[in-house]
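Enquirer: Quick check, what structure comes out for this input:
(2 chains)
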Amino acid sequence: MKKPWKSLFRSSAKRPMTCGEVGQWLQHYLDGELDDRRSERLAAHLEDCRRCGLEADTYTRIKHSLADHQPSVPADSLARLREFGARIARGDEPVER
Amino acid sequence: MSSPEASQALFEQHVLPEIEVLLRVARSLTRNDADAEDLVQDTLLRAYRAIERFDGRHPRAWLLTILRNTHINRNRRRRPELLRDPDGTSRQLNELAAGDVTDAGVDAGFDAGIERALAELDEPFRSVVQLVDVEGLTYAEAAEVLGVPAGTVMSRLHRARGRIRDRLDRAGLAPRSHW
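Expert: Numbers count the residues shown, from 1 in each chain, chains lettered A, B, ... in the order given. This is a model prediction of the structure:
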């Protein structure tokens, strides 16, 4: 006897996401925080939906632009701290326990 | 392990590789290069004293917790008014972002739009974007710095990016939102 609920579950697990579902999960996907099954369904939707593809492009540009805002650290400060840390690691820096 | 040699080996293995990240986050917290260097120095000393109790897992998260607690303790000594401001760390990150925008000017274009949108974000959203998307911390690491659950970091981050995206939309710098 056929079990309709079972085939429904299978098709739901494999079908591409809807636009609304992509809106819910896109950022998880772009952050690499989405599970494999949802990722496959979301990627399948992006292949066919131009407007969701544009959303993905926009959020990707936002992430890249923000990453480019990272200021450089002062080289002299970093060098002093690395030397300070190295002295601790060598036992040359007295540290109260 | 309890010998000084063992502690020094653990310190070299787990702590030394994280010094640059600690300095980056310290600069975000203090907004002052000298204070940031002092904060990291104190953090390194505290980390060495605590290294025997460290389980060896997630050293960056462990160190960021020490950094955050050290920062709070230093502010309590130096600026008692922060005791009444539980979100003081986030507020400082907020001001940092606003200052960056002033320095960058108001150039047209996507990147300038991002800067303005970041500056317009309310706390606590801005500090999460600063730590995760700008400084490159993971959700869990940002959660250690801010003292909130990783799930809270994620939800704040997604809402913050959505607001940035809407701001770009209104400025004509991104396609109209599809959803």
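Enquirer: so residue A:88 makes contact with residue B:7?
Expert: No - if you go by C-beta atoms under 8 Å, residue A:88 and residue B:7 don't touch, sitting 9.2 Å apart. From N, CA and C alone the C-beta is placed, and that goes for glycine too.
Enquirer: which residues do the two both contact?
Expert: residue B:48 (C-beta atoms under 8 Å, 6 or more residues apart in numbering or on different chains).
Enquirer: give me the low-pLDDT residue ranges for chain B?
Expert: B:1-2, B:79-108 (pLDDT under 70).
Enquirer: same thing but at 80, please
Expert: B:1-2, B:31, B:76-108, B:177-179 (pLDDT under 80).
Enquirer: just the helices in chain A please.
Expert: A:4-14, A:19-30, A:36-48, A:50-67, A:75-90 (DSSP state H).
Enquirer: Chain B too?
Expert: Ranges of helices in chain B, per DSSP H, are B:4-14, B:19-30, B:33-50, B:59-78, B:88-104, B:110-120, B:125-129, B:139-146, B:150-170.
Enquirer: Which of these has the highest mean neighbour count?
Expert: helix B:125-129 (a mean of 26; mean count of other C-beta atoms under 10 Å in any protein chain shown).
Enquirer: Around chain B, pick out the residues from chain A.
Expert: Applying C-beta under 8 Å from any C-beta of the partner chain, we find that chain A lies next to chain B at A:19-20, A:22-23, A:27-28, A:33, A:51-52, A:54-55, A:58-59, A:61-63, A:65-71, A:73-74, A:77-78, A:80-82, A:84-86, A:88-91, A:95-97.
Enquirer: Swap in 7 Å and give it another go.
Expert: Contact residues, chain A versus chain B (C-beta under 7 Å from any C-beta of the partner chain): A:19-20, A:23, A:27, A:51-52, A:54-55, A:58-59, A:61-63, A:65-67, A:69-70, A:73-74, A:77-78, A:80-82, A:84-86, A:88-91, A:95, A:97.
Enquirer: Now, of these, which are buried?
Expert: Applying 16 or more other C-beta atoms under 10 Å in any protein chain shown to the residues of chain A next to chain B, the neighbour count classes A:23, A:27, A:52, A:54-55, A:58-59, A:61-63, A:65-66, A:69, A:73, A:77-78, A:81, A:84-85, A:88-89, A:95 as buried.
Enquirer: so where is chain A shaky, pLDDT-wise?
Expert: Short version for chain A, where the test is pLDDT under 80: A:1-14, A:94-97.
Enquirer: which residues does the closest residue to residue B:138 other than its chain neighbours contact?
Expert: Residue nearest to residue B:138 in three dimensions, not counting chain neighbours: residue B:132, with 7.5 Å by C-beta to C-beta, 6 or more residues apart in numbering or on different chains. The contact partners of residue B:132, taken as C-beta atoms under 7 Å, 6 or more residues apart in numbering or on different chains, are B:139, B:142, B:153, B:157.
Enquirer: Distance-wise, check the third one relative to chain A.
Expert: Put plainly, it is residue B:153. Per C-beta to the nearest C-beta, to the nearest Å, residue B:153 is found 11 Å from chain A.
Enquirer: list the contacts for that residue?
Expert: Residue B:153 makes contact with B:128, B:132, B:139, B:142, B:143, B:146 under the criterion C-beta under 7 Å, 6+ apart.
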